[in-house]
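**Student:** Give the three-dimensional model of this entry:
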Amino acid sequence: MAVAGSAAVLAAPRARAQAMLDEKDPQAAALGYVADAKRVDTKKYPKFAAEQHCGNCALYQGKATDKAAPCPLFGGKQVAGAGWCSAWAKKAG
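**Tutor:** Residues are numbered from 1 along each chain as shown. The predicted structure is shown next:
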């Protein structure tokens with residue numbers, strides 16, 4: 001019984017780290033995060049360019065082709081590769 005409980009405790013932090021970011025999350029809203037960059041409010045974010053998305057952001061902790069990956073701006077929560085926020089920064093290379 002203790003082994004099963006320990007496994008659940010060990011899995012819990014990992015599960016939290018894998019949670020998808022909700023656009024309504026206060027930090028997400030503050031940075032204008034959208035899960036689909038096609039929905040960026042270009043009047044509010046005039047520096048947005050169509051080729052910008054989480055998958056090619058320097059902060060995205062996955063491969064550009066990953067559907068989702070963690071982002072340090074959002075406590076390691078998963079962001080959509082096709083998403084965008086105002087903290088977007090071009091990935092070097």
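
**Student:** For stretch 24-41, give the mean pLDDT please.
**Tutor:** Stretch 24-41 shows a mean pLDDT of 98.

**Student:** err, stretch 83-93, not the other one
**Tutor:** Mean predicted confidence for stretch 83-93 is 94.

**Student:** show me the contacts for the residue nearest in space to the middle of the chain.
**Tutor:** By Cα atoms, centre = their mean, the chain has its centre lying nearest to Val79, at 2.2 Å. Val79 is in contact with Met20, Leu21, Tyr33, Ala35, Cys54, Tyr60, Ala68, Ala69, Pro70, Cys71, Cys85, counting by Cβ atoms under 8 Å, 6 or more residues apart in numbering. (Glycine included, C-beta is placed from N, CA and C.)

**Student:** now the residues you listed in CSV, with distance to Asp41, neighbour count and secondary structure?
**Tutor:** Formatted as CSV, the contacts of Val79 follow (distance: Cβ to Cβ, whole Å; neighbours: other Cβ atoms under 10 Å; DSSP: H, G, I helix; E, B strand; the rest coil):
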residue, distance to Asp41, neighbour count, secondary structure
Met20, 21, 14, strand
Leu21, 17, 24, coil
Tyr33, 11, 26, coil
Ala35, 14, 18, coil
Cys54, 16, 27, helix
Tyr60, 21, 23, coil
Ala68, 22, 20, strand
Ala69, 24, 19, strand
Pro70, 25, 19, strand
Cys71, 20, 25, coil
Cys85, 12, 27, coil
